[in-house]
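>>> turn this into a structure:
(one chain, ligands or ions: 2)
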Amino acid sequence: MSAYEHEVKALLSAAGVPVPRGVVVDDLDFDRAGELAEPLVLKAFGPGLVHKSDVGAVALGLSREDLAGAAAGMRARLEVAGFLVEEQAEAGVELIVGLVRDPGFGPVLLTGLGGVWTEALRDTALRLCPISEEDARRMLASLRGSSVLYGSRGGPPVDVDAVVKLLMAVGGPGGLWERLELGEFELNPVIAGPSGVIAVDARHLPSPGPEARAPRAATDFLPLFEPKAVAVVGASTTRPNFGNMFLGFYRAAGVPLVAVHPTAAEVAGVRAVPSLAEADVDYALVAVPAERCAEVLREARGVPFVQVMSGGFAETGRPDLEERLVEAARAAGTRLLGPNCMGVYSPRGRQTFVGGGLGPAGPVALISQSGGLAGEVIKVGERRGLAFSRVVTVGNSADVTPAELLRWLAQDEETRAVGLYLEDPRDGRELFEALRAAELPVVLLVGGRSGQGQEAAASHTGGMVSDRRVWEAVAEQTGAVLVAGQDDLIGVLAYFQAHGSRSRRRGAASGGVLVVGPSGGASVLAADAFDLAGVRLDPLPADALEALRGLGVVASGNPLEVPVGPLGRAGLVPEVVSALLRCRPYGDVVLHVNVQAFFTYGDAAEPLYAYARAVAQAQAALPGTRITLVTRNGECAPPGVEDEVRRIAAEAGIPVYRSMEAAAVAVAAGGRYGVA
Ligand code: ADP
Ligand code: MG
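Numbers count the residues shown, from 1 in each chain. Ligands and ions are numbered 1, 2, ... in the order given. A predicted model of the protein is given here:
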């Protein structure tokens, strides 16, 4: 049931949001308006009156004497339940303040330039509730037209503190967003002037309340990642299927293994038992047709984790089968991963779902709603030097959610950074809270962000809250790094793997990024790449020039052009870097090299390796500085050369990128975590 404007305004006023003084009149007796100061505003209200000015249900600039006539005119044309008479606020900057309930993330606050230009300007900012005062100020500052707030073209600045106070009353801790009976609402306009704000319109939009969530006790996921033994349900003795493939992977990984088969005593050389009930394992992988999965789960009593690989559930229009699966898991007291996913990868626990053996154990975790993509990130990531602590695929996340896993991984001793690939996190609010609580770097890749946002509601606000913008707000508010593609997911995780510990080290170099390498054009483009990633490259300090002259370097910019090639001295760049760090302790030093230059005039792998070794030595000598290496045009090197450069760099804890753009994204991500 929606509330009328004056009812919403009463709630607003009680919450400390200024609204115009007004009275409600349901007959045509306007005597009570006598206490109000002119000029007056007359507004008709009634069940069908939504966009009031469109239908002539608002009259501005009235005197007391005008009221009866204006009201009679509205009555003659419109279905009117009553009238609101209120004082007319002075003109000012018109803002919109809206509160909507995102289907995944719950209450979202939106603000921006409002009034009649709202739709045309679409100049808004949004945040998940509750917002902080800092959020409120940043929302306002991020508007394209923010200068109208801070005083432009000779106009006085508006009372920004009062706007912030209003935003906090709506979206801050204990604000109106917590009042569930309010549903969604929109204040448009809120008029902001030099000495205060006032909400002159308030529209209520009924919305379904949030689904009640049953709190659940925290699960210890260690046995999932390091099971004492694993069971595979669904491998065949006659026709090898997915189950058999997994059986093969597990056997190669050397984890104690049992197959579940109704009749056979052995499947593909692995001992078999007739039911999960007889398997003494921590983890079972189920690869039987969707209709039969619930039945398998009912026998999983005593198995803490069951992963259902099979598809054919909610993702193909069978939510009923998925519900039965969850019920069966609850009944058996087991936690369900999936359905519609691949498995777990954890070198320490000899867990895998990809061929080609286990990679090295390391500090990077990954939670993925796509099994295929997780496999790619593992394989490509390991090739690029990533080492994983735990990888888990969660598919439809019918029971165990990404948020739950993130909470556990954030506390995990072995994990230093977490990547997330999400399509529909199931419980966005819980994920938001888990992201906010996580103290380690989290890199977020979200699929489907460009798709249609939620259907435009009856409000401006609803139409301006898209999935993409909500995810941006989530990243902004939690500090998570939102990346645009798989390459950057791997690249940013590689940066955190290499430099994560260095970043927390006491006495780490202070901020700033220095870029050094050959070629003027590449240096100019490097500046652009960092600019695009949101990183400013400050000019070199004043005393740098002299230091550079001493080394025979004539250029003096940042990016700094220093020749690097097959004929040059491998140690020159490290010397330049050391000299500059004495002038200013840069946090990040990005060194780039044109690999092509080493091979166009013959095979010059050795000078390239010598350069890489010199850079590695520089990193060892500068433990407080984060060195990053960019090997531009790497495809010009003969096979194996890039791998060797990577190996030399990795040993020294230096991440390597093939493009300046990728390096810039990674360095910018590091800055987000205050590592700079
Ligand atoms: P609508 O349903 O069309 O959005 P509003 O209540 O927002 O109706 O009124 C239309 C416009 O009239 C507002 O955008 C604002 O510019 C002006 N207005 C409405 N109420 C007041 C008021 N109390 N003081 C000053 N201006 C007002
Ligand atoms: Mg309005």
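
>>> for the rest of this, base every contact and every neighbour count on C-alpha atoms.
Fine.

>>> in the stretch 151-300 of the chain, what residue spans correspond to helices?
160-171, 222-225, 242-253, 290-298 (DSSP state H, counting those that start in this stretch).

>>> ok, residues contacting the second one?
Outside of helix 222-225, the residues that reach it under the criterion CA atoms under 8 Å, 6 or more residues apart in numbering are 282, 283, 304, 305, 344, 345, 346, 348, 349, 351, 390.

>>> can we see that at 6 Å?
With CA atoms under 6 Å, 6 or more residues apart in numbering as the test, helix 222-225 has contacts from 282, 346, 349.

>>> number of nearby residues for the second one?
Neighbouring residues of residue 346 were enumerated by other CA atoms under 10 Å; the total is 24.

>>> what's across from it in the sheet?
residue 351 (DSSP bridges).

>>> wait, it sits on residue 390?
Yes. Using CA atoms under 6 Å, residue 346 is in contact with residue 390, at 4.6 Å.

>>> for residue 457, report the pLDDT, please.
Looking at residue 457, its pLDDT reads 35.

>>> about what we covered before: can you list the helices of the stretch 151-300 of the chain in CSV and add mean neighbour count and distance to residue 377?
Formatted as CSV, those follow (neighbours: other CA atoms under 10 Å; distance: least, CA to CA, whole Å):
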stretch, mean neighbour count, distance to residue 377
helix 160-171, 22, 38
helix 222-225, 20, 18
helix 242-253, 20, 18
helix 290-298, 20, 27
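
>>> returning to that earlier point: for ligand 2, state which of the contacts of helix 222-225 is nearest.
residue 346 (55.6 Å; CA to the ion).

>>> and the strands in the stretch 401-550 of the chain?
Applying DSSP state E, counting those that start in this stretch to the stretch 401-550 of the chain gives strands spanning 417-422, 442-446, 481-483, 513-517.

>>> ok, the stretch 51-200 of the chain next?
Secondary structure of the stretch 51-200 of the chain by DSSP E, counting those that start in this stretch: the strands cover 58-62, 82-87, 93-102, 106-113, 124-128, 184-193, 196-199.

>>> can you redo the helices of the stretch 151-300 of the chain as CSV with distance to ligand 1?
Formatted as CSV, those follow (distance: least, CA to the nearest ligand atom, whole Å):
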stretch, distance to ligand 1
helix 160-171, 17
helix 222-225, 55
helix 242-253, 59
helix 290-298, 51
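
>>> so how far is ligand 2 from residue 539?
48 Å (CA to the ion, to the nearest Å).

>>> that residue: neighbouring residues, count only.
14.

>>> cool, residue 321 as well?
Residues contacting residue 321 under the criterion other CA under 10 Å number 18.

>>> quick check: closest non-adjacent residue to it.
Excluding the flanking residues, the one nearest residue 321 by CA to CA, 6 or more residues apart in numbering is residue 313, at 5.8 Å.

>>> do the same with residue 104
Among residues not flanking residue 104 along the chain, residue 428 sits closest, at 4.6 Å (CA to CA, 6+ apart).

>>> do residue 536 as well
Spatially, and ignoring its direct neighbours in sequence, residue 536 is nearest to residue 530 (6.8 Å; CA to CA, 6+ apart).

>>> distance of the most centrally placed residue in the chain from residue 432?
By CA atoms, centre = their mean, the chain has its centre lying nearest to residue 475, at 4.0 Å. For residue 475, the distance to residue 432 (CA to CA, to the nearest Å) stands at 9 Å.

>>> what do you get for residue 63?
Between residue 63 and residue 432 the distance is 51 Å, computed by CA to CA.

>>> what about those two, which has more around it?
Neighbours were tallied for residue 63 and for residue 432 using other CA under 10 Å; the higher tally belongs to residue 432 (22 against 12).

>>> just the pLDDT for that one.
95.

>>> ends of stretch 563-575, how far apart?
13 Å.

>>> any idea how far the residue in the stretch 551-676 of the chain positioned nearest to ligand 1 is from ligand 2?
For the stretch 551-676 of the chain and ligand 1, the shortest gap (CA to the nearest ligand atom) falls at residue 672, measuring 39.0 Å. Computed as CA to the ion, the residue 672 to ligand 2 distance reads 38 Å.

>>> also residue 150?
With CA to the ion as the criterion, residue 150 and ligand 2 are 23 Å apart.

>>> quick one: mean pLDDT for stretch 341-355?
94.

>>> what's in contact with it?
With CA under 6 Å, 6+ apart as the contact definition, stretch 341-355 has outside contacts at 225-226, 253, 255, 309, 358, 361, 371, 390-395.

>>> give me the neighbour count for whichever residue of the stretch 1-150 of the chain sits closest to ligand 2.
Ligand 2 sits closest to residue 115 of the stretch 1-150 of the chain, with a gap of 6.6 Å, by CA to the ion. Using other CA under 10 Å, residue 115 is surrounded by 17 other residues.

>>> I'd assumed residue 187 was in contact with it.
No. Using CA under 6 Å, residue 115 is not in contact with residue 187, being 9.6 Å away.

>>> on that earlier part again, give me the number of residues near the residue of the stretch 551-676 of the chain closest to ligand 1?
Neighbourhood size, residue 672 [other CA under 10 Å]: 15.

>>> find the nearest non-adjacent residue to the residue in the stretch 101-250 of the chain that ligand 2 sits nearest to, please.
Going by CA to the ion, ligand 2 is nearest to residue 188 of the stretch 101-250 of the chain, at 4.4 Å. Nearest non-adjacent residue to residue 188, counting by CA to CA, 6+ apart: residue 96, 4.6 Å away.
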